[in-house]
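Peer 1: sharing a model that was predicted from the sequence below.
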Amino acid sequence: MNSKTNHPPVPKVSRRRFLQTTSSIALSSLLVPNWVRALELSPNKRIRPCGPASKYVPKLKVAFVRRKEAYGMWWPGQIYDGEAALQKYQQYIQENAQALGMQVALRPEPIYSIEAADQWLAEAKAQSPDGLLLVTLDRQQHTWPTVQKASESGLPTVVISPIGSSFTTNTFRFAHQDGIVIFSTDDLAQVRLGMKLIQAGTRLRESRFLIIKGEERFDTNVCSFGTQLRYIPAQDFIDAYQKLPLDDQVQRLGTALIQTAQAMNGPTKTDVFNGIKSYFVTKSLLEREECDGISMDCLGALANLSISLPCIAWSYMNDHGLPAACEADLGAMMMHALVQYLFDRPGFQQDPVAETSRECLIGAHCTCPTKLNGFNQPGTAYTLVNHHGKRDATIRPLWKIGQRVTVADLIASDTDKPGFGQLKTVKEVPANPENSKPTMLISTGEVVDNIAVPPAGGCVVSVAVRLDGVSEMLDFPGFHQLFFYGDFKNELKAFCQLFGIHARVV
């Protein structure tokens with residue numbers, strides 16, 4: 001038997017009812033958002049980022065490069081309508097800047113000489129925008145020297161090279177250079193991607209994340225990104241939780257969550273209400289501390305107390321574009337934020353488990369978002385179950401079989417490692433020739449199963465993924481990697497190159 005193509009079935013005992021819901025996902029997807037409407041009807045009660053990133057407007061400096069005279073025989077040639085291309089790209093950039101909430105300083109006429117390029121770049125350095133966007137409408141003369149100068153500016157630089165404006169002899173030197181990404185294509189979507197890369201990196205830099213851990217209050221940052229961290233004592237959460245009653249707002253949201261679930265197997269109504277309490281406590285702390293996301297040493301602080309773990313709260317926040325990471329893991333915290341900022345969808349932080357019979361990686365955790373297709377898309381069907389500690393309540397969504405997914409993990413640089421959270425792996429800093437840089441581990445694959453827990457043990461959301469080109473799982477690197485819908489390997493590699501992260505495709 002060829003084990004790569006003939007896999008024995010996984011027992012389906014006790015999950016029959018759950019898997020039977022697959023045919024009704026389209027209907028249930030329309031119903032899932034109902035459990036949040038109790039809050040959405042009251043905008044002042046809706047959880048939102050409250051930190052500096054929520055108020056900062058990313059600034060982008062944009063210019064076009066070409067000869068002033070006619071193209072003639074030199075590429076792109078006289079057949080290329082440079083004026084029409086200029087107008088098309090200008091309009092597209094301005095429309096997307098408005099949609100993305102970015103401030104664009106667009107040079108009104110193209111850069112016609114190397115002297116004009118020097119002047120534009122000198123202005124850029126003085127103004128310190130968050131990034132440069134350069135569109136090459138020519139291949140000759142000063143065009144690629146201008147790109148070279150931009151790459152040396154110290155500002156994140158995205159270059160759009162429409163077909164006809166470059167040979168590989170122009171682009172090869174920048175292919176692996178930090179701080180610059182070149183999209184050689186006529187695909188306008190790549191222009192938006194370039195803008196999103198700069199926007200996401202800027203938001204990550206400007207974010208302040210609340211870390212609930214230990215007994216001290218202090219501020220610090222993630223050195224290699226500039227991201228701010230605000231630590232507060234776990235007792236702050238405990239005190240706020242104990243003071244909050246099971247009032248009408250808690251019961252209304254909890255009831256909606258129960259009514260929309262496919263089933264409730266294990267937890268009681270009070271368990272669900274207590275989980276909702278964690279959401280309101282978290283919301284008040286985020287507002288008080290003016291933060292854009294949150295992580296908590298939940299097991300360390302709450303495991304021995306009769307206080308609900310914040311699994312439901314984390315699911316709700318990640319569904320609404322507010323990064324929430326488990327176990328005060330800063331690498332996971334940063335990865336949650338990046339996935340949300342760049343791809344407009346939540347990720348699933350998980351503990352990696354090798355499945356050697358089926359050559360899969362199982363991602364297992366007890367909190368998972370439902371808006372897996374994107375913040376503006378319907379949520380997926382879910383059941384309400386107990387945490388794997390057979391306590392509290394949490395949400396178990398059904399992942400779509402056959403869905404393409406990306407797996408990503410952020411590993412600290414030497415500078416960041418002392419306070420970077422959990423690095424529970426024998427390959428803590430894998431294959432990074434420059435340990436002063438953080439590393440991102442990137443894989444892609446396909447969902448093949450939702451593992452039933454029980455009868456299996458471990459965390460109750462357990463998603464099996466067959467990874468592209470990976471058959472050995474026992475030493476798969478990283479921990480608390482994020483699974484998220486979509487094949488985004490190339491986009492993550494581009495982000496890493498633009499912002500000086502060592503990308504390792506596994």
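Peer 2: That came in fine, so what should we check first?

Peer 1: give me phi/psi at the closest residue to residue 101 other than its chain neighbours?
Peer 2: Nearest residue to residue 101 in three dimensions, chain neighbours excluded: residue 57, at 6.4 Å (Cβ to Cβ, 6 or more residues apart in numbering). C-beta: built from backbone N, CA, C; applies to glycine. Note on residue 57: its backbone torsions stand at phi -110, psi 110 [degrees, to the nearest 10].

Peer 1: what is the subsequent helix or strand relative to the one helix or strand residue 195 maps to?
Peer 2: In this structure, residue 195 sits in helix 189-206 according to DSSP states H and E. Helices and strands here follow DSSP H and E; after helix 189-206, the next one along the chain is strand 208-212.

Peer 1: sheet partners, orientation included, of that following strand?
Peer 2: According to DSSP bridges, strand 208-212 forms sheet pairs with strand 227-232 (parallel), strand 293-296 (parallel).

Peer 1: which strands or helices does whichever helix or strand comes after the longest one pack on?
Peer 2: Which is strand 227-232. Remark: after strand 227-232, the chain's next helix or strand is helix 234-243, criterion DSSP H and E. Contact here means 3 or more Cβ pairs under 8 Å, 6 or more residues apart in numbering; DSSP states H and E; on that basis helix 234-243 packs against strand 208-212, helix 269-289, helix 298-302.

Peer 1: helices or strands up against the last one?
Peer 2: Using 3+ Cβ pairs under 8 Å, 6+ apart as the contact definition, the elements that helix 298-302 packs against are helix 234-243.

Peer 1: list the buried residues in the helix it packs on.
Peer 2: By neighbour count on 16 or more other Cβ atoms under 10 Å, the buried set for helix 234-243 is 234, 236, 237, 238, 240, 241.

Peer 1: which intervals of the chain have sub-threshold pLDDT?
Peer 2: By pLDDT under 70, the low-scoring segments of the chain are 1-46, 413-435.

Peer 1: and the nearest residue to residue 251 once chain neighbours are set aside, what does it touch?
Peer 2: Leaving aside its sequence neighbours, residue 251 sits nearest to residue 273 (Cβ to Cβ, 6+ apart; 6.0 Å). Neighbour list for residue 273: 246, 250, 251, 254 [criterion: Cβ atoms under 8 Å, 6 or more residues apart in numbering].

Peer 1: which of those residues are buried, as a ChimeraX select command?
Peer 2: A single ChimeraX command selects the buried members of those (16+ other Cβ under 10 Å):
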select :250,251,254
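
Peer 1: need the contacts of residue 273 in TSV with distance to residue 100 and secondary structure, can you?
Peer 2: Putting those into TSV (distance: Cβ to Cβ, whole Å; DSSP: H, G, I helix; E, B strand; the rest coil) gives the following:
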residue	distance to residue 100	secondary structure
246	41	coil
250	35	helix
251	38	helix
254	35	helix
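
Peer 1: what helices or strands is the helix holding residue 195 leaning on?
Peer 2: In terms of contacts (3+ Cβ pairs under 8 Å, 6+ apart), helix 189-206 is packed against helix 82-100, strand 131-136, strand 157-161, strand 180-184, helix 330-343, helix 489-498.

Peer 1: any chance of the ones you listed in CSV, plus mean neighbour count and distance to residue 404?
Peer 2: Converted to CSV, these look like this (neighbours: other Cβ atoms under 10 Å; distance: least, Cβ to Cβ, whole Å):
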stretch, mean neighbour count, distance to residue 404
helix 82-100, 15, 25
strand 131-136, 25, 29
strand 157-161, 26, 25
strand 180-184, 22, 22
helix 330-343, 25, 13
helix 489-498, 20, 10
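
Peer 1: among the helices and strands packed on helix 234-243, which comes closest to residue 321?
Peer 2: The closest of the helices and strands packed on helix 234-243 to residue 321 is helix 269-289. By Cβ to Cβ, the value is 12.8 Å.

Peer 1: and this protein, what are its domain boundaries?
Peer 2: Listed by automatic domain parsing, the domain ranges of the chain are 54-203, 207-505.

Peer 1: any chance of CSV for these, columns distance to residue 47?
Peer 2: Converted to CSV, those look like this (distance: least, Cβ to Cβ, whole Å):
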stretch, distance to residue 47
domain 54-203, 12
domain 207-505, 5
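
Peer 1: comparing these, which comes out most buried?
Peer 2: A comparison of the domains of the chain by mean neighbour count, using mean count of other Cβ atoms under 10 Å, puts domain 207-505 on top with a mean of 20.

Peer 1: looking at the protein, which strand is longest?
Peer 2: Using DSSP state E to define each element, the chain has its longest strand at strand 439-450.

Peer 1: list the helices and strands that strand packs on?
Peer 2: Packing contacts for strand 439-450, counted by 3+ Cβ pairs under 8 Å, 6+ apart, involve strand 360-365, strand 404-411, strand 461-467, helix 489-498, strand 502-505.

Peer 1: right, so of those, which gets closest to residue 324?
Peer 2: strand 360-365 (12.1 Å).

Peer 1: what helices or strands is the closest one leaning on?
Peer 2: strand 348-349, strand 351-355, strand 439-450, strand 461-467.

Peer 1: distance check, the residue nearest the centre of the chain against residue 304.
Peer 2: Nearest to the geometric centre of the chain sits residue 339, at 0.8 Å (Cα atoms, centre = their mean). For residue 339, the distance to residue 304 (Cβ to Cβ, to the nearest Å) stands at 32 Å.

Peer 1: need the contact list for the residue nearest to residue 101.
Peer 2: Counting by Cβ under 8 Å, 6+ apart, the residues that residue 57 touches are 101, 102, 103.

Peer 1: pretty sure the last one contacts residue 59?
Peer 2: In other words, residue 103. Yes - judged on Cβ atoms under 8 Å, residue 103 makes contact with residue 59 at a distance of 4.8 Å.

Peer 1: what comes into contact with the helix or strand harbouring residue 314?
Peer 2: If you go by DSSP H and E, residue 314 is part of helix 311-319. Helix 311-319 is contacted by residues 36, 47, 257, 272, 275-276, 278-279, 281-282, 294, 323-326, 336, 340, 346-347, 366-371, 375, 379, 387, 392-395 when judged by Cβ under 8 Å, 6+ apart.

Peer 1: pull the distance from it to the chain's centre.
Peer 2: Here the centre of helix 311-319 is set off from its chain's centre by 15 Å, with Cα atoms, centre = their mean, to the nearest Å.

Peer 1: which residues does the strand or helix carrying residue 148 contact?
Peer 2: Residue 148 is part of helix 143-151 when elements are defined by DSSP H and E. The contact list for helix 143-151, computed with Cβ under 8 Å, 6+ apart, reads 65-66, 111, 114, 117-118, 121, 132, 134, 136, 157, 159, 165-166, 170, 173-174, 177, 179-180, 182.

Peer 1: please apply the same query to stretch 169-183.
Peer 2: Residues contacting stretch 169-183 (Cβ under 8 Å, 6+ apart): 139, 144, 147-148, 150-151, 154-161, 166, 184, 190-191, 193-194, 197, 494, 497-498, 500.

Peer 1: same thing but 6 Å
Peer 2: Defining contact as Cβ atoms under 6 Å, 6 or more residues apart in numbering, one finds that stretch 169-183 is touched by 144, 151, 157-161, 184, 190, 494, 497-498, 500.

Peer 1: kindly report the same for stretch 99-118.
Peer 2: Against stretch 99-118 from outside (Cβ under 6 Å, 6+ apart): 57-66, 68, 97, 120, 142, 145-146, 149, 199.

Peer 1: repeat that for stretch 361-378.
Peer 2: Contacts of stretch 361-378 (Cβ under 6 Å, 6+ apart): 29-30, 32, 311, 314-315, 318-319, 321, 344-346, 348-353, 355, 379-380, 382, 387-388, 394, 397, 458-465, 467, 473, 476, 483, 485.
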